[in-house]
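Participant: Everything below, folded, please.
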Amino acid sequence: MIRLFSAGIAVCLTSFVATGAFAAQADVYPTKPIRLIVPFPPGGGTDLVSRTMQPGLSATLGQQILIDNRGGAQGSLGTAIAAQANPDGYTLVIAEIGATAVAPALMPKLSFNVARDFAGISQLIEQPYIMTVHPSIQARTLAEFIKLAQSKPNALNFGSGNVTAHVAQEAFFQTAKVKLTHIPYRGSGPSVAAAVGGEVQTLFSGPGAAIPQIKAGRLRALAVTTAKRTPQLAEVPTLSEQGYKGFVIAGWYGLMGPIAMPKAAITTLNQAVTTVLNGDAGKTLRTRGYEPVPTTPAEFDKFMRAEITRWSKAVKTYGISGDNM
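Facilitator: Now for the predicted structure:
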């Protein structure tokens, strides 16, 4: 703040100083609405988390957060658009585990490089993947489903709404020694809709899209992929509990922007995210199966790099290609 110099300053200078003070305040980020690219269609987890946080972020920052769904190429299309945006802090993107950490291992010709092109702002949430089957499937447990799949190689379909769900299922089915046919969809919302409609017999999906369908009886949950059970589906055991020790996968979302963003903008956004996730939005997300995990920008940058390395190794270990994404 600019202080008035002294009581003896002329009145005309008081007007000048006041005008300067307002100008300085007007330059404090943000001074206009912020575009938030969600790199998946409406109805999926990234969209749900973004829209749950949107009102709180808008109120905390004093500017509207404008959500822009840009689905396509397993989240890579919207992420690429953000990488090429003006790095002024007014275009951000949801960092989703698949587009950020898994896709680079499967699609080496991506136009963006996360470590080179993006600045992390904060991790947002961690989530389980939930393995579900259509109620018409005569399998009420994971063991029964595996036995069924073993008796019909490639006869059952599995769906995926993002590259992480695809890789996770390929890895799990290899571990379980079963063969299913993959059908990809453009987001978790469409993939869950396909499962409800019987187009696919099973899929791994995030909680936002899956839990309402499970609660309504339109899908049956067989397992969760995290180390612990999720409170919203406390009766559903983990994969580890059902004989697949160490098979643990946690999905995540974060917030990032173009690499040359002003540090002051990153700090302001990080503080806003922390405030929102520690408030009512965080409570709402927990009821929907997401665990808020705000971090510092440095922590999130380090985390993303570690995840890129981890998933690159997993793709090589299981021999998974990007041919059928």
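Participant: Now Pro135: closest residue in space that isn't a chain neighbour?
Facilitator: Of all residues not flanking Pro135 in the chain, Arg220 sits nearest, at 5.5 Å (CB to CB, 6 or more residues apart in numbering). All C-beta spots, glycine's among them, are computed from the backbone N, C-alpha and C.
Participant: Domain map for this structure?
Facilitator: The chain resolves into domains spanning 34-127+251-318, 130-242 when parsed by automatic domain parsing.
Participant: Quick one, grab the pLDDT at the residue nearest to Pro135.
Facilitator: Note on Arg220: pLDDT of 98.
Participant: ranges for the helices of this protein?
Facilitator: In order along the chain, the chain carries the following helices (DSSP state H): 11-26, 45-61, 76-83, 97, 103-106, 114-117, 142-151, 163-176, 188-196, 207-215, 263-277, 280-287, 297-318.
Participant: Indicate which one of those is closest to Gln242.
Facilitator: Counting by CB to CB, Gln242 lies closest to helix 142-151 out of the helices of the chain; the figure is 4.9 Å.
Participant: just to revisit the earlier point, Throw the domains of the chain into a markdown table and include mean neighbour count and distance to Val28, thanks.
Facilitator: Listed next are the domains of the chain as a markdown table, based on neighbours: other CB atoms under 10 Å; distance: least, CB to CB, whole Å:
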| stretch | mean neighbour count | distance to Val28 |
| --- | --- | --- |
| domain 34-127+251-318 | 20 | 8 |
| domain 130-242 | 20 | 34 |
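Participant: isn't Thr295 right up against Gln123?
Facilitator: Yes: with contact defined as CB atoms under 8 Å, Thr295 counts as touching Gln123 (4.5 Å).
Participant: Can you pull the residues that touch both of the two?
Facilitator: Contact criterion CB atoms under 8 Å, 6 or more residues apart in numbering; residues shared by Thr295 and Gln123: Phe303.
Participant: follow-up on the earlier one: indicate which one of the helices of the chain is closest to Val236.
Facilitator: Across the helices of the chain, closest to Val236 is helix 207-215 (CB to CB), at 8.4 Å.
Participant: okay, the angle between that closest one and helix 280-287?
Facilitator: 50 degrees (axes from the mean of the first three to the mean of the last three CA atoms, to 10 degrees).
Participant: Need the residues that contact helix 207-215.
Facilitator: With CB under 8 Å, 6+ apart as the test, helix 207-215 has contacts from 43-45, 48-49, 127-128, 130, 132, 161, 188-189, 191-192, 195-196, 219-221, 230, 232-233, 288-290.
Participant: if you set the cut-off to 7 Å instead, what comes out?
Facilitator: For helix 207-215, the external contacting residues (CB atoms under 7 Å, 6 or more residues apart in numbering) are 43-45, 48, 127-128, 130, 132, 188-189, 192, 196, 219, 221, 230, 232-233, 288-290.
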